[in-house]
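> I would like the atomic coordinates for the input below:
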Amino acid sequence: MNMTNFQQIVNHYIDRFESINGPKHQEYYKWQIAQDFRPMMDKALAASDAELPSKLYLVKKRSRNIIDNYTQPFHGLCKFAEKEPQTVRQMFQELFAQEGATKQEKVMRFLKKSAALRQAYYPGSFLYADDMHSITGYMFLYAPDENYLYKASHARIFADCIEFYDDWSYGENTRLDIYNRMCDEVIDAINGNEALLATAASRYEIDPTGMHPDRNKHILLFDIIYCCSTYKLFNGIHFVVPKNSERRLMQERKETAQRLSKALNEARAKLEPLEEGKRLLAETLHVGMTVRHRTFGDGTILSIEDTTMSVGFQTAGTKYLGIATSLLNGIITTDDITFGERIKPYRECLLQEKQLRDAISFAEKQFAPYVDYLE
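All right, here's what the predicted structure looks like:
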């Protein structure tokens, strides 16, 4: 470990400490979230199956951007809990268990189960994908004194700067034991730096009772690694960087990631009016109501699914109809004379739902290989 480079990082961190933790940036929020996360998570996991999704969502909201990113993995677990609450509960209980499997095994087991849930309820979608960052994030916020948070791009450049060159690999092949060994070495250096410890301790004056005590300085380590890239604490420090060809390739991939991320966000934004329109359709129709078909006459709605409904007609028996196409094209009508005007703003997106979702799926697949390059 290059202690000279580490000391320069520390000097920059101390110099910018007030700004980083001031009103504009408030990076001390990591300690506040870590203080609240475990009791909130314990409460969620102790809730009934019916309450688990909403309780888990409160934990997700409290964690802010520490875990969720463009793929929204924590939000996805809240959605999965609506379908399989016992599965999601068990996943977290096993992940947080003190005994048993190694951390690597726990992470991989959680990753496998999360992927299975995503395939079951959102097949082919890149949304809600857990990864090494999100799963180590759950462990870190639940027990910061025993776990490290892994964020690939930030950790890589930090490791280069302090000359930790052991390869912990990428993606699902990430070796947490190697990454954690680097973290252990840095923790030793942090504990030996009195100026850094004194500066870090002053953070608790901001919120004396609302911050995690961070006894083992794991939150401080993550903050330093994060701030290095975010607030340019590497400035003026000379260390080995990739070759020019590799740098160009990295920059090209970052630019591609930005372009594809923008395209994905634009595609997802079109879902908002679609969901509004579907809510309006759901409010308009209900099982048991009478509707009129322009060919079969009066009928009674027997069941309603996501995009289809079954209607029983006295003259034609049971027919299965697309909800949006039937109502928007006048094949089915109701007694609600205001429906046509209210649904008008959503007509186009409702009729194009499949195309909209296909566009999102395509954008997600295009973006997937570049997600680690967008920071």
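
> how does this structure divide into domains?
3-241, 273-352 (automatic domain parsing).

> quick one, which of these gets closest to residue 369.
Nearest of those to residue 369, taken as Cβ to Cβ: domain 3-241 at 10.1 Å. All C-beta spots, glycine's among them, are computed from the backbone N, C-alpha and C.

> that older thread, with mean pLDDT, mean neighbour count and distance to residue 264 added, can I get the domains of the chain in a markdown table?
Putting the domains of the chain into a markdown table (pLDDT from 0 to 100; neighbours: other Cβ atoms under 10 Å; distance: least, Cβ to Cβ, whole Å) gives the following:
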| stretch | mean pLDDT | mean neighbour count | distance to residue 264 |
| --- | --- | --- | --- |
| domain 3-241 | 95 | 17 | 7 |
| domain 273-352 | 91 | 15 | 16 |
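
> which one of those domains lies nearest to residue 257?
Here domain 3-241 is closest among the domains of the chain (Cβ to Cβ), at 9.5 Å.

> identify whichever of the domains of the chain lies nearest to residue 364.
Across those, closest to residue 364 is domain 3-241 (Cβ to Cβ), at 3.2 Å.

> between the two ends of stretch 7-21, how far is it?
20 Å (Cα to Cα, to the nearest Å).

> over to stretch 315-332?
End-to-end distance (Cα to Cα), stretch 315-332: 16 Å.

> let's have the chain start at 2 instead
Taking 2 as the first residue, the last one we looked at is stretch 316-333.

> show me what that stretch is in contact with.
Around stretch 316-333, the neighbours that count as contacts under Cβ atoms under 8 Å, 6 or more residues apart in numbering are 278, 282, 285-286, 292-298, 300, 303, 305, 308-314, 334-335, 340, 344, 348, 351-352, 354.

> apply 6 Å and report the result again.
Residues outside stretch 316-333 that contact it (Cβ atoms under 6 Å, 6 or more residues apart in numbering) are 282, 292, 294-295, 297, 308-313, 348, 351.

> ok, which pair from those residues is furthest apart?
313 and 348 (26.9 Å).

> export the domains of the chain to a markdown table and tack on distance to residue 261?
Formatted as a markdown table, the domains of the chain follow (distance: least, Cβ to Cβ, whole Å):
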| stretch | distance to residue 261 |
| --- | --- |
| domain 4-242 | 10 |
| domain 274-353 | 22 |
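
> which of the ones you listed sits closest to residue 260?
Each of the domains of the chain has some distance to residue 260 by Cβ to Cβ; the shortest is domain 4-242, at 13.4 Å.

> any idea how far the spatially closest residue to residue 191 that is not a sequence neighbour is from residue 201?
The shortest distance from residue 191 to any non-neighbouring residue, by Cβ to Cβ, 6 or more residues apart in numbering, is to residue 218 (5.2 Å). Noted for residue 218: a distance of 8 Å to residue 201, by Cβ to Cβ, to the nearest Å.

> and what of residue 181?
21 Å.

> next: residue 263.
37 Å.

> just checking, residue 221 touches residue 201?
Yes - applying Cβ atoms under 6 Å, one finds residue 221 in contact with residue 201, separated by 5.3 Å.
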